[in-house]
Structure formats: structure tokens, C-alpha cells
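In: only geometry, no sequence info:
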């Protein structure tokens, strides 16, 4: 990517070895981001922010690490950016979005129509509650480098219909995938408010992750399980039902 005066090159969705399904060390992600010219990288591990915090502390000048999280809600996945503390899984999407906003963060809707992942798939599109969710999010991931089928066009249509800005992200689970898709913004930013102001309009780089690289994710899950790093589950109430 060619660095332009004042522009920002941001991958707003990737995973580090803090996630249950990635082995990408924070320092390796930083090295790759610097080598290819990213100015901003959001590390959005599943239900955790400690990997992103480690990366933020390691990041050199010229690279801003955004502490984020991909949260599994009762109705699919949401992304929170600019977080100070992890948002617990298992709440409703609207409750989760509110918890992110309470921290001053931004709420993103990742891969909303990918039927192979826990973000609602086609069923969510038909759900009457989708309008309420649209009102709760700040942007939609209209190009996810790992999305299958017509998931990305459907996401773009959804964002347009609801007047929401769209971004492109790699959703990298391996270092090699980082920034195969990313968002180019017209100026620099360091806060949630500044990013929100820059989102409409943006330029999108819409690459795709190779299926060969994606095969590494199941292997990463096995390794992480052996390490005792399983997925963070919703808290269980005293009644025995999920919170």
C-alpha cells in the first residue's frame, strides 16, 4: 500500500494468539503491519482484550493498535473498538452494543450474513429485530476477506439500506492474512470519535484470504485447546441457565 499524505490504512478486524482460534503472536502482527504499511490495526480477539493490550504496549511510532473485541451475543457477533475492558459474551446484541458505547467505543457488525459463522446468517436478515440492531451499530463490515458466498454483497446492501458506513477487514487469524482486505481513510485518527467522523466515505481494498490459509484455523483451535485457551463462555446463572 502506498502511504499517502494524511491518509490512514486500517485493518479493523484481526485476531491474535489470545483468541481460541488463532496462533498469531502480537509481536508478529505488529511486524507484519509495519512491513506492509498499515497505520492502524484493530486486534479484536474473541471475548478478550489482553492480546490487543499487549500489542498496544509493543507498537512502535507510526502504528496505532486499537484495542478491540469480537463478542458473541445471543443474536450473533459484534465488534467493539477502543475498549478499556472486555465485554462479556451472552448478552443481547442491543445490550452488548450499549456496553461498548458505555466505554466510549465504536460498535461494528462483522460478517452479518455469513451463514457459516455466529453472526446470524440469512435468518438474521429476516428477523424483525434487525432494524433495532442497525440502530445500535456504528458501521458494518461490508467486505470480510473470509466471508463465503454472497455474504459481502448482502452486508453492503444492508449497510446502504440503513444508512450505515461500511468497512473492509481481513478478519485475519493467521499473520499471512493480515490486511488482505483493509480500509483507507482520508485522515489520521486516534479516538473513536475521530474514526466515526472519518468513516463516510472511505476507500475499500477488498482482497480475499486463501482457502489454504483458512485451513490453519481448525489446527489453531486444537493447539489452543491443548494449551487450555478455550473460548470464553457466557456466565452461568445460579438457576443453571446461561446468563
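Out: Yes, it's here. Bear in mind the structure is a predicted one, so any value in this text is a computation, not a measurement.
In: any regions of this structure where pLDDT drops low?
Out: For the chain, applying pLDDT under 70 flags the ranges 1-5, 116-131, 236-243.
In: where do the helices sit along it?
Out: Along the chain, the segments classed as helices by DSSP state H run 26-36, 50-58, 93-102, 121-126, 130-136, 151-161, 192-198, 211-214, 216-226.
In: show me what the first one is packed up against.
Out: Counting by 3 or more C-beta pairs under 8 Å, 6 or more residues apart in numbering; DSSP states H and E, the packing neighbours recorded for helix 26-36 are strand 40-46, helix 50-58. Bear in mind the C-beta positions are built from the backbone N, C-alpha and C, glycine included.
In: residue 209 is in contact with residue 172, correct?
Out: Yes. In this structure, residue 172 is within contact of residue 209 by C-beta atoms under 8 Å, at 7.4 Å.
In: with neighbour numbers in mind, choose between these two.
Out: residue 172 (27 against 22; other C-beta atoms under 10 Å).
In: my guess is residue 59 contacts residue 27, does it?
Out: No. Look at residue 59 against residue 27 with C-beta under 8 Å: they stay out of range, at 9.8 Å.
In: longest strand in the chain, please.
Out: When the chain is scanned for its longest strand (criterion: DSSP state E), the result is strand 64-73.
In: partners of that strand, with directions?
Out: strand 40-46 (parallel), strand 76-81 (antiparallel) (DSSP bridges).
In: nearest to residue 31, of those strands?
Out: With C-beta to C-beta, the closest approach to residue 31 among the strands paired with strand 64-73 belongs to strand 40-46: 11.3 Å.
In: and the angle from that closest one to helix 26-36?
Out: Strand 40-46 and helix 26-36 meet at an angle of 150 degrees, taking axes from the mean of the first three to the mean of the last three C-alpha atoms, to 10 degrees as the criterion.
In: what angle do strand 40-46 and helix 50-58 make?
Out: Inter-element angle recorded for strand 40-46 and helix 50-58: 150 degrees (by the same axes, to 10 degrees).
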